[in-house]
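Visitor: Task: produce atomic coordinates for the following.
(chains A, B, C and D)
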There are 2 protein chains.
Amino acid sequence: MELQEAKDRFVQAWGTLATQWGINRTMAQIHALLMISANALTTEDLMAQLQISRGNVSMNLRDLMDWGLVFKELRPGERKEYFFAEKDAWKVAKQVAKERRRREIEPVIKLLEELRGVPVRAGDADSETFHATIESISRVVNLADGALDAAMKAEESLILGTLIKLLR
Amino acid sequence: MELQEAKDRFVQAWGTLATQWGINRTMAQIHALLMISANALTTEDLMAQLQISRGNVSMNLRDLMDWGLVFKELRPGERKEYFFAEKDAWKVAKQVAKERRRREIEPVIKLLEELRGVPVRAGDADSETFHATIESISRVVNLADGALDAAMKAEESLILGTLIKLLR
DNA sequence: ATTTAATTTCAATTATTTTTGAAAGTACAA
DNA sequence: TTGTACTTTCAAAAATAATTGAAATTAAAT
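Guide: Below you'll find the predicted structure:
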């Protein structure tokens, strides 16, 4: 396989995977392309390589920067902006975990806290099931939240070591 | 808050969360409703409570059964089918992890293996970056794959214990 | 065998999300 | 200050995903 073909396959596959996880295909493709590029790229480069419009590149780059996955580089004497991505996948995973935790898990934890406060009516099967399920979900969500927090703070090697212990 | 209001809020919130994770809103709502219902529900119940069509219920129930999250109950002497969900959130999480791993992670691992096989051209910065990034992603994806596998096999208490160790 | 009570399927519709492209905005240079 | 080279914005269009509803299908009861 040629390098160019390999790159294309990677960018394509990453875009497809992203849609299955609620992430915009183009955003994932831009990110993938920046991750495998040795040099920072311009808007023009991204437009040409992914065959997409200027506006699309601009908006998705902004989102990627909001997610803390892509950065802007300004070169002295040049007007146009260059973009590059963090290439260490462990750092990327930690950043994604951090953002999803903040944006999605935290609001859910708040809702679950509220729902746990709804009074149980003893003898009412529906009320009891509701409570038991909310409690069960709370436990797991808090567990996941703690796991993400731990992973965010941990080194990759520490997680790996822990895993090996878990697996044997 | 009334029980009915609490249930509605939960079903609604779960549907919204689902869309952020690439899961169909209605599928998540049906699942949520079955999780907090003491009794198995019929297609009619789901249609009425979620205000959706028969076809929609039918298709999403099939998907939920494919995911191993919802089951069918046949009552002697009754023609219609009753549906219920696993209510233990830890078991649900394990099942989801198992399915996503099978459906999504495994194909990615296969692709990454292939891309790792593409020969590096020493001195070519783009080729070297491509390789380094693919290697880095492979490490993290395999780590996540192992973590999911471990979590699938582990008891909740074991994960919790491990987490506490990680956190201190 | 026929009727009946249900479920499933899928083409057409509707809703949602993404993308475009051109106008507006920004800011550097002359 | 005007022009130039770029970036951002956003209403409209296009693409994609979800939903409907009625016909087809299934299978239990008569």
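
Visitor: Wondering if stretch A:76-91 reaches DNA strand C at all.
Guide: Yes: counting by C-beta under 7 Å from any atom of the strand, DNA strand C has neighbours in stretch A:76-91: A:77, A:79. Using the backbone N, CA and C atoms, a C-beta is placed for each residue, glycine as well.

Visitor: Pull the residues that contact that stretch.
Guide: By C-beta atoms under 8 Å, 6 or more residues apart in numbering or on different chains, the residues outside stretch A:76-91 that reach it are A:31, A:34-35, A:37, A:39-44, A:46, A:61, A:64, A:69-75, A:92, A:95, A:156, B:129, B:132-133, B:136-137, B:139-141.

Visitor: Can you point out the buried residues in the longest helix seen in chain A?
Guide: For chain A, the longest helix by residue count, based on DSSP state H, is helix A:125-153. Within helix A:125-153, the residues scored as buried using 16 or more other C-beta atoms under 10 Å in any protein chain shown are A:127, A:129-134, A:136-141, A:143-144, A:146-151.

Visitor: Stretch A:68-82 too?
Guide: Neighbour count says stretch A:68-82 has A:69, A:70, A:82 buried, by 16+ other C-beta under 10 Å.

Visitor: again, but for stretch A:154-168
Guide: A:154, A:156, A:159, A:160, A:162, A:163, A:166.

Visitor: Make TSV from the residues you listed and add pLDDT and secondary structure to it.
Guide: Shown next, in TSV, are the buried residues of stretch A:154-168 (pLDDT from 0 to 100; DSSP: H, G, I helix; E, B strand; the rest coil):
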residue	pLDDT	secondary structure
A:154	87	coil
A:156	87	helix
A:159	82	helix
A:160	80	helix
A:162	77	helix
A:163	73	helix
A:166	70	helix
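
Visitor: burial measure for whatever residue of chain A ends up closest to DNA strand C, as a count.
Guide: Using C-beta to the nearest atom of the strand, the single residue of chain A nearest to DNA strand C is residue A:55, 2.1 Å away. Per other C-beta atoms under 10 Å in any protein chain shown, the neighbour tally for residue A:55 reads 9.

Visitor: From DNA strand D, how far out is it?
Guide: From residue A:55 across to DNA strand D, the span is 3 Å (C-beta to the nearest atom of the strand, to the nearest Å).
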